Structure formats: C-alpha cells, structure tokens
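Participant: need a structure here:
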Amino acid sequence: MFEIAFAQIRFAASLLFGWPFDVGSLERLVEAAKATHREYGTLGQDGADLISGPTLDERDRLAMQMRRFRQQAIRAARETEYYHDLFRRTGFSPALLTEEDLVRLPITPKADLRDRPDAFVSRRASVALRTTTTGTTGRPTAVSFSEYELRVSYALRAFRQLFDGSVTERDIIQISTSARATLGNSCAMVACARVGATVSPVGLIDPETTLALLAEPRAIPGKAPKVTILLTYSSYLGELVEQAQRLGYQPSDFGLEQIMVGGEVVTEGLKARARQVFGPVTFEEGYAMTETWPLGGARCSEGHLHFEPSQGLIEVIDPETGRPAAPGAIGTIVATPLPPYRATTLLLRYDTEDLVRVLDGPPTCEYRHLPATSNLLGKRRLAARHAGGWSTPMDVLEALESLDSVPLPARCGFWSLGDGVAVEVLVREAGAGVHAAVLAALEARGVPVRQLRLVERPAELTRPLPLRADLREAAFASSRPSDVHASVVVGLAS
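Facilitator: Got it, this is the predicted structure:
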C-alpha cells in the first residue's frame, strides 16, 4: 500500500504541472495494485480515486486547466503546422491566453483534422500507432499516438479496473466491436489482460456466431464457465437481442454479468430488452472517441456524463453562436486533451460534433465533484434543427427502442419539416395500431412529428441513420461453434 500511496503523490504532481508520467512506475503500480487486490479484495471507488486528479473547487479547477491549456497551446504552436499557422494568423499569444481569450480562439473543425491529420502531429513525437476512426458517420479520421501515450492508457485503465472491480481475474471478456477500432480494442485487450482476465476479440461477425460464442461453455482454469463481460456497440447489441429471441435463447444459456456498451446512443429501451435475453446484467456506459482519447465521460447513476478535469478541458458550445451554451440548452462538446496525456496529435478546442445538454444546476449524484453534461444526444449532423428547437437521435431512438413493434436496433431516419420533423421507421408490421403507437411514443419524448412513415423493409428507408452494426466483418461459416458442436454430436451418434 505504501508503494501505491507514493505513486499517487507522483501522479498528482504530473497532473498539476503537466509533467510526463513515469510509465514504468505506472506499470509497476498496476502489479502492486493486483497484489493488493488479491490480498484485500476490491477497494471500491476510493481506490479508483487514487489515480484521478486532485479534487478541486471550480475556481481552482479552471486555473489548473487554463495553466495546462496554455502549456499545450505553446507546444502546439511550436511543434505543429496547423496551430503554428493558426496562432500566427489570429495574433493570439499561446503563453498569455486567458479564460476570456479561450472562447475567442477558433474552434478546430473535425474536417480540418480529417483532411490534414499530420498537420496536428508534434514534430518531436515518435509515432507508434496511426489509427483511424471507424468512419460510421463520415470519412475516417486519422489520429497518431506514441508508445508512451499507449502505455499510459493501458496502465491507467488496468489500474481503475483493478480498484473498482469492474474486471477481475475470473472474467472472460468478449470484444464485439469493429476490428478497425484499433485504439479502443488494444486498450481494452491489454488493460484487461494486465488485470488477469481472459480476452477474446471477436469483431462484428454475424450475430448468430457471436451468440453461440457467448453461450459456449469454457474450461479455462481459474475462469468463469462462460463469457462474463461483453464489450460492444449499442446497435450491434440490438442485433444480438433480436437474433437471440428468434433462436429461442434464454438467460440461462448465458453467463453474462456485465455489458460494456457505447460508441453510439444507448437507450433505456435497448437495455430493458437486452435484459430479457441476457438476464439482470449491469451496463457500463460512457463517452469516448479516438480523436480526444483518453479524455472521455463516465455515466453516473442519474444519467449525466462526467469528465475528469485532469484529462482535458470540456466546453459545451452553442452551434449557432459559437459561444458557451446556456444552462438547459443543447450544445456541441468542444474538447482539448491536456498534457501529460496527449503529446503526439495535439488538438485545441476540437469540435467533436457530439450534442449534449448543459445541466440546469449543479449535479447531486455520486460524481458531483466532476464537471458534467447531460447524456450523449447524438451527432449534430444527424440531429434536426427546426422552428421548435432541436430533435436529436436520442429523442427519436429512445422512443422507438422501447416498442416491441420496432425491431432492434431501431432503423429510422428523421429530418426537419416546418416547425417539427418527418420520421421514417422500420417496423415488423405496418398498420394503423402500430402507426398510432409509434406516433404516441415519439410525441411522449417531445418529438414534434409532422409526418410519419412506416416501412417493413430496410431498403425502403430513404435517409437511415448510420449504425455501427453495419460495419460487418466476414467470418468462416464453418468456424461457428454451433456447427462445430453439431459435427461432434453426429460423430458420437454414428
């Protein structure tokens, strides 16, 4: 425990002053934490807080973040082509930036990073991984990381998992995400393996094979008898639920205890319908993206997204005025990953294009000491702005995925129409009763429907929302566990 306490002091110093982490010490800390966990068991949130930033009041937090923002701005102006040109063009001095200057500093559009990714890479960096986004909502964006940054991410995730008990040595984790999501996949695999868990990267293969793997008995010494944790996207989870119900799976067929789900809007309807198939699983949700890694949001019990201020600066900006969004208003997350977490692809005030709502007042939840927004509402380009305000993917999907008449994942489209929206939805069977139920569900979520069209075939949708479940990967049909098991049974019977 002394080693852990000493490491906490060094970690806090790095955060306060922006010094690089001692990666070797972090990795040794993981091993010490593993030994402590074996001896004393899970230490809960107090243990996880050992490697979070110091708890500060809002004034001190902003002062700390602005100090490190200036540090990152100086580095970006000196070491990257993009920000060297930006500061020369705007006349701002990186070393003298104030809170008032911050909102006048130009926001970095996603298109600029997508079109010129290497213009954001520090000239002093040693690039170990040049990864891309999955490209679900547009052309993939390339982001570069050093070995240092990767090792820090692996170590910190492993440490948190050890102390909050979200992953243990007995767990078997199945990763059902796109193989192109190299950053998230590698971080999950390495961190879980360092905890001592068994990791099985499967990818986005056909749902029938994925379900068979989840239900397959395992005989690994010291591990659970079946997969205990599933890491996937919400739309693919919806496909698993639909396929499981079609094939007659029951909760007793699985050993799942936790589903780590994200990458898209996650609805309460999806979670409720997933529990009908997999049993009383817990859900771990959050917000993260390749461009701002490791800065992300953790979801609290009240549904807010909370951001660790040591990892970066989060702003919520009104898309129309470019100014901070007012309390209760919808805005776009603008993020700045801070040192010492980011040293390769440097981003200042990056427009994520992700919509959230500013909270009306201070949160009262278990993470109330951390900056917070509403839960994720969806991509700005997929939302509809109309005379009555905003209609977001969360509004529409939350309504639709609560209905059994809508197959999971909800396949739909919507767009502005006068003072409301036109909506199209894939349903199992179109009819007057279903039409009335869908309309009522949408209006109950505050969606001002001006036109509603139901279809029974996906090809009939004219403007469908993109889904990560459609990033399907091929697999050998003969490798499905159900096929293998069937051949063994036939052989024994003969």
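
Participant: Mind listing the residues bridging to residue 414?
Facilitator: Counting by DSSP bridges, residue 414 is bridged to residue 423.

Participant: Outline the domain layout of the protein.
Facilitator: For the chain, automatic domain parsing gives the domain ranges 2-147+289-376, 165-287, 379-410+412-464.

Participant: now the last one: mean pLDDT?
Facilitator: For domain 379-410+412-464, the per-residue pLDDT values average out at 97.

Participant: Now do that domain: distance from first to last residue.
Facilitator: 14 Å (CA to CA, to the nearest Å).

Participant: Now do the strands in the stretch 51-200 of the chain.
Facilitator: Here the stretch 51-200 of the chain has its strands, by DSSP state E, counting those that start in this stretch, at 127-132, 142-146, 172-176, 198-201.

Participant: which stretch of helix or strand covers residue 298?
Facilitator: Residue 298 is part of strand 297-299 when elements are defined by DSSP states H and E.

Participant: Not counting the helix or strand just after that strand itself, show me its contacts.
Facilitator: Per DSSP H and E, the first helix or strand lying C-terminal to strand 297-299 is strand 305-307. The contact list for strand 305-307, computed with CB atoms under 8 Å, 6 or more residues apart in numbering, reads 286-287, 295-300, 314, 356, 363, 367, 370-376. Backbone N, C-alpha and C define where each C-beta goes, glycine included.

Participant: Kindly report the same for stretch 296-303.
Facilitator: Outside stretch 296-303, the residues touching it (CB under 8 Å, 6+ apart) are 285-289, 305-308, 311, 363-367, 370, 372-376.

Participant: re the thing from before, list only those of the contacts of strand 305-307 flagged as buried.
Facilitator: 287, 295-300, 314, 356, 363, 367, 370-376 (16 or more other CB atoms under 10 Å).

Participant: what sits against residue 175?
Facilitator: Counted by CB under 8 Å, 6+ apart, residue 175 has contacts 185, 188-189, 199-203, 231-232.

Participant: for stretch 351-363, what is the average pLDDT?
Facilitator: Confidence for stretch 351-363, expressed as mean pLDDT, is 95.

Participant: Contacts for it next, please.
Facilitator: In contact with stretch 351-363 (CB under 8 Å, 6+ apart) are residues 107-110, 287, 289, 291-292, 300, 302, 304-306, 316-317, 325-335, 368, 372-381, 383, 390, 392.

Participant: In strands only, show me these.
Facilitator: 287, 305-306, 316-317, 330-335, 372-373, 378-379, 390 (DSSP state E).

Participant: Just checking, which of the residues you listed comes out lowest on pLDDT?
Facilitator: residue 287 (92).

Participant: mind checking pLDDT for the closest residue to it other than its chain neighbours?
Facilitator: Excluding the flanking residues, the one nearest residue 287 by CB to CB, 6 or more residues apart in numbering is residue 297, at 3.7 Å. pLDDT, residue 297: 93.

Participant: separation between residue 297 and residue 153?
Facilitator: According to CB to CB, to the nearest Å, residue 297 stands 16 Å off from residue 153.

Participant: now residue 406, what's its secondary structure?
Facilitator: coil (DSSP: H, G, I helix; E, B strand; the rest coil).

Participant: Could you tell me how many residues sit around it?
Facilitator: Neighbour count for residue 406, taken as other CB atoms under 10 Å: 25.

Participant: Just give the closest residue to it, not the sequence neighbours.
Facilitator: residue 400 is the one closest to residue 406 (CB to CB, 6+ apart), at 4.7 Å.

Participant: residues in contact with that neighbour?
Facilitator: Here residue 400 is in contact with 269, 406, 410, 412, 425, 438, 441-442 (CB under 8 Å, 6+ apart).

Participant: Closest to residue 81 out of those residues?
Facilitator: Among the contacts of residue 400, residue 412 lies closest to residue 81 (CB to CB), at 41.4 Å.

Participant: check contacts around that closest one.
Facilitator: Contacts of residue 412 by CB under 8 Å, 6+ apart are 396-397, 400, 423-426, 461, 464-465.

Participant: how close does it get to residue 114?
Facilitator: 26 Å.

Participant: for residue 313, same thing?
Facilitator: Relative to residue 114, and taking CB to CB, residue 313 is found at 22 Å.

Participant: Just want to know which of these two has more residues nearby.
Facilitator: Using other CB under 10 Å, the more surrounded residue of residue 313 and residue 114 is residue 313, with 24 against 17.

Participant: which non-adjacent residue is nearest that one?
Facilitator: residue 336 (4.3 Å).

Participant: For the residue nearest to residue 287, give the beta-bridge partners.
Facilitator: Bridge pairing for residue 297 - DSSP bridges - gives residue 287, residue 307.
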